[in-house]
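Asker: Starting from these lines, generate the structure:
(chains A and B)
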There are 2 protein chains.
Amino acid sequence: MNRVYNFSAGPSMLPLPVLEKAQAELISYGDSGMSVMEMSHRSADYMAIIAKAEADLRALMQIPDNYKVLFLQGGASTQFASVPLNLIGTTKKADYVVSGQFSEKAYKEAIRMGFDAKCIASSKADTFSYIPAFTKDDIRPDAAYVHVCYNNTIFGTKFPEVPDTGDIPLVADMSSCILSEPVDVSKFGVIYAGAQKNMAPAGLTVVIVRDDLLDRALPGIPTMLEWKVMAENDSMYNTPPCYAIYMAGLVYEYLLEQGGLEAIAKINYNKANMLYDYLDSTDYYITHAQPAYRSIMNVTFKTGDEALDKKFASEAAKAGFKNLKGHRSVGGMRASIYNAMPTQGIIDLIAFMKKFEAENPKN
Amino acid sequence: MNRVYNFSAGPSMLPLPVLEKAQAELISYGDSGMSVMEMSHRSADYMAIIAKAEADLRALMQIPDNYKVLFLQGGASTQFASVPLNLIGTTKKADYVVSGQFSEKAYKEAIRMGFDAKCIASSKADTFSYIPAFTKDDIRPDAAYVHVCYNNTIFGTKFPEVPDTGDIPLVADMSSCILSEPVDVSKFGVIYAGAQKNMAPAGLTVVIVRDDLLDRALPGIPTMLEWKVMAENDSMYNTPPCYAIYMAGLVYEYLLEQGGLEAIAKINYNKANMLYDYLDSTDYYITHAQPAYRSIMNVTFKTGDEALDKKFASEAAKAGFKNLKGHRSVGGMRASIYNAMPTQGIIDLIAFMKKFEAENPKN
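Answerer: Numbers count the residues shown, from 1 in each chain, chains lettered A, B, ... in the order given. Next up is the predicted model:
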């Protein structure tokens, strides 16, 4: 078996020990005589799996007791609708920071649904190469919440610190940075994340919501989108995405074994800094994200020559560095280096980049 | 490895050859160097997987070309909201047949959302032991659709034939009977099914919708719930539940190898009839579903003595027949015998039932 370095933006690499464990117990879990995929979600075996997954996620992120953890379906895109449906009821207004394509989608979803959503800061005019600044004064005093995307997968930027929204609940899409470093959950009203980057295969969405925010849902919304219903039913109002939750649980367990998020963050900053240091050391490659806002999960760069960029992605793939082509809205290359990307993958990628630079001089 | 007979109502058994194939390629699919769980949903490898899954499902069910196949998330419970949001727009009225707990949930969801939903037939007063009859005259002429649940998992009943709703689109929840026998898709406007009984692990919902019904969505509904958006994006408006779709694809391929739905139905009717014939041959066990409406997927029965029922489920579990306890709303026992339950499982269960009867005479 010849594993590649997969730089996909998501779905993306999972830790090899996690895959090996899943493979070993795929046909019969423990002494159950059945696969986790075949278990009733109400069975004792499965209830233990989901309870441990939640407990381990709480331990990893140090989630305070007054926050509920929900294991849902539908991806972050479903939460773009669920957030206003669950939270906008108090004042019917919400403020959005537009720092990339997904935060713009979240903003537009609220508009589409007929709500009074306001964009209070945007970096769109500069191809989202930075996180736009805003202060408490920019927030409407009667906004029901402020929505941000904490790490912008496509553009390779992240919030350098948690923005201060005062008493107005901060809602953050953390799909592409959750579990990459410690974060103070108590500063957020809601954190949500699609699992397919740092947690599990696609098909699971984690929502972490402060419990005092559960009583604000608009009446008559789809039951499955109402966080309170899911909280009251421990994410089992209907059949949850059992296997994806099991896989997430294996990842959580693995991260705890590695020393938790402090240790993981150290590795992640080391990986990202190695790559950024190299990129800054040469004029051959140009980075997209402004240095103060650089993501440690998604590193965006280009040569400045589209033909060379194309050649780079193609030759990299042949050399075992997969999915380095950047998103069409930025062009160039993107290396998504989530938790499961080994440090050796970065070392080898830098060696490849040096070789490519030497072999492909610009005119 | 000691596999058990798992009679769970869902999630439930998967064919062993499917699990073995998934296990073999879990860490590296083909020569990709990565797990299917790690693949970008836009990669050539994954696009081939989802395309083959759809093609195989179309072949199995002989789905006409004017029907779209959607691979979604959220379970049938999400479709309880999506159905009215996508279809009720024309006349703002819809009619429901209430033949069990899930069809009642679908009906109540439409009411909850503020729509004019009417129950045109119900068997609730008789603990849903039959499918209530209705004719075209019972349907409101301006109903946007008629909703039915084709197989009632909890009560063990199914529609003996496709009801005639004339020009009014028939919408059917087939979660617990899809792929169990051939069905004439052209008689339905929409068929939907959670995957976790006969198709795949939980976390995937298949929607089969006639394409002329895609233009009826109410404005401003959540994007992720709008069938037309998902159809136009080939179920990839956002990241789909990739691994569950892959597993469904393996199941579809396996069913085609077994001879398709004609062959599967023959096996299923043989399995169910063996069990019903035995149940009818003794007074010891009492069946719940009226004979004309018996499901071939879920067989409900009891001894008539709650203590004996409890002992039965407990001793059966010890003997390797898992999850035979009936749903609390019916009591007694339920044997869910989906496609993946081997005929030998039925033979062995009947032998166990005979032994239990002999060893536990009623007073």
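Asker: partners of the closest residue in space to A:Met230 that isn't next to it in sequence in the sheet?
Answerer: Distances taken as CB to CB, 6 or more residues apart in numbering or on different chains put A:Leu70 closest to A:Met230, at 4.9 Å, once the chain neighbours are dropped. In this view, the C-beta of every residue, glycine as well, is placed from N, C-alpha and C. Legend: beta-bridge partners of A:Leu70 under DSSP bridges are A:Val207.
Asker: A:Leu70 against A:Asn233, yeah?
Answerer: No - using CB atoms under 8 Å, A:Leu70 makes no contact with A:Asn233, being 9.6 Å away.
Asker: Compare the two (neighbour count), which wins?
Answerer: A:Leu70 (20 against 12; other CB atoms under 10 Å in any protein chain shown).
Asker: list the contacts for the more buried one?
Answerer: Contacts here follow CB atoms under 8 Å, 6 or more residues apart in numbering or on different chains; on that basis A:Leu70 touches A:Val206, A:Val207, A:Ile208, A:Val209, A:Trp227, A:Met230, A:Ala231, A:Ser235.
Asker: now A:Lys105
Answerer: A:Ser77, A:Phe80.
Asker: Chain B: which of the contacts of A:Leu70 is nearest?
Answerer: A:Met230 (10.8 Å; CB to the nearest CB).
Asker: longest helix in chain A, by residue count?
Answerer: Using DSSP state H to define each element, chain A has its longest helix at helix A:260-281.
Asker: Check which helices and strands that one is in contact with.
Answerer: Under the contact definition 3 or more CB pairs under 8 Å, 6 or more residues apart in numbering or on different chains; DSSP states H and E, helix A:260-281 sits against helix A:44-61, strand A:286-287, strand A:298-302, helix A:343-359.
Asker: And A:Ile286, how close does it get to chain B?
Answerer: 24 Å (CB to the nearest CB, to the nearest Å).
Asker: Give me the neighbour count for that residue.
Answerer: Neighbours of A:Ile286 (other CB under 10 Å): 13.
Asker: Across the sheet, point out what pairs with it.
Answerer: Residues in beta-bridge contact with A:Ile286 (DSSP bridges): A:Lys302.
Asker: pretty sure A:Met39 is in contact with A:Ile50, am I right?
Answerer: No - with contacts counted by CB under 8 Å, A:Met39 stays clear of A:Ile50, the gap being 10.4 Å.
Asker: Looking at these two now, which is surrounded by more residues?
Answerer: Ranked by neighbour count (other CB under 10 Å), A:Met39 and A:Ile50 place A:Met39 first, with 27 against 20.
Asker: about what we covered before: what is in contact with A:Met39 and A:Ile50 at once?
Answerer: Both A:Met39 and A:Ile50 are contacted by A:Cys242, under the criterion CB under 8 Å, 6+ apart.
Asker: quick one, domains of chain A?
Answerer: Using automatic domain parsing, the domains assigned to chain A come out as A:17-257, A:260-359.
Asker: Give me the distance from stretch A:131-144 to the chain's centre.
Answerer: In terms of CA atoms, centre = their mean, to the nearest Å, the gap separating the centre of stretch A:131-144 from the centre of its chain is 23 Å.
Asker: typo on my end, stretch A:216-224
Answerer: That offset, for stretch A:216-224, works out to 25 Å (CA atoms, centre = their mean).
Asker: Tabulate the CA atom coordinates of that stretch in CSV.
Answerer: What follows is stretch A:216-224, C-alpha atoms only, in CSV (Å, rounded to 0.1, in the frame of the first residue of the first chain):
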residue,chain,number,x,y,z
ARG,A,216,-34.7,31.6,20.2
ALA,A,217,-35.9,29.5,17.3
LEU,A,218,-38.5,30.9,15.0
PRO,A,219,-41.8,29.0,15.2
GLY,A,220,-42.6,26.4,12.5
ILE,A,221,-39.0,25.9,11.2
PRO,A,222,-38.1,22.4,10.0
THR,A,223,-37.8,20.2,13.1
MET,A,224,-34.5,18.8,12.0
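Asker: tell me which residues in that stretch are buried?
Answerer: A:Arg216, A:Ala217, A:Ile221, A:Pro222, A:Thr223, A:Met224 (16 or more other CB atoms under 10 Å in any protein chain shown).
Asker: show me the contacts for the nearest residue to A:Glu262 once chain neighbours are set aside.
Answerer: Nearest residue to A:Glu262, sequence neighbours excluded (CB to CB, 6+ apart): A:Pro182, at 6.1 Å. By CB under 8 Å, 6+ apart, the contact set of A:Pro182 is A:Met61, A:Gln62, A:Leu261, A:Glu262, A:Ala265.
Asker: related to what we said a few turns ago, could I get the helices and strands packed on helix A:260-281 in a markdown table, plus columns for mean pLDDT?
Answerer: As requested, the helices and strands packed on helix A:260-281 are arranged in a markdown table below (pLDDT from 0 to 100):
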| stretch | mean pLDDT |
| --- | --- |
| helix A:44-61 | 98 |
| strand A:286-287 | 97 |
| strand A:298-302 | 98 |
| helix A:343-359 | 98 |
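Asker: quick one: A:Pro291 from A:Lys271, how far?
Answerer: Noted for A:Pro291: a distance of 17 Å to A:Lys271, by CB to CB, to the nearest Å.
Asker: Settle it for me: which of these two has more neighbours?
Answerer: Neighbour count, other CB under 10 Å: between A:Pro291 and A:Lys271, A:Lys271 has more, with 25 against 9.
Asker: how many neighbours does the closest residue to the more buried one other than its chain neighbours have?
Answerer: Counting by CB to CB, 6+ apart, A:Lys271 lies nearest to A:Ile346, which is 4.8 Å off, once chain neighbours are set aside. When neighbours are defined as other CB under 10 Å, A:Ile346 has 21 of them.
Asker: Tell me the buried residues in stretch A:126-138?
Answerer: Quick answer for stretch A:126-138 (16+ other CB under 10 Å): A:Phe128, A:Ser129, A:Tyr130, A:Ile131, A:Pro132, A:Phe134.
Asker: Contact partners for the fourth one?
Answerer: Just to be clear, that refers to A:Ile131. A:Val97, A:Ser99, A:Ser123, A:Asn152, A:Thr157, A:Lys158, A:Phe159, A:Pro160, A:Tyr293.
Asker: Which of the residues you listed fall within strands?
Answerer: A:Val97, A:Asn152, A:Thr157, A:Lys158 (DSSP state E).
Asker: was I right about the third one contacting A:Gln101?
Answerer: No - assessed by CB under 8 Å, A:Thr157 is found out of contact with A:Gln101, at 11.6 Å.
Asker: More neighbours: which of the two?
Answerer: Counted by other CB under 10 Å, A:Thr157 and A:Gln101 do not tie: A:Thr157 has more neighbours, with 27 against 18.
Asker: Show the pLDDT at the more buried one.
Answerer: A:Thr157 carries a pLDDT value of 98.
Asker: what's across from it in the sheet?
Answerer: A:Asn152, A:Arg294.
Asker: ok, it to A:Lys197 distance?
Answerer: 15 Å.
Asker: how about the helices and strands packed on helix A:260-281, which one is nearest A:Pro11?
Answerer: strand A:298-302 (14.2 Å; CB to CB).
Asker: That's all I had, so thanks and see you.
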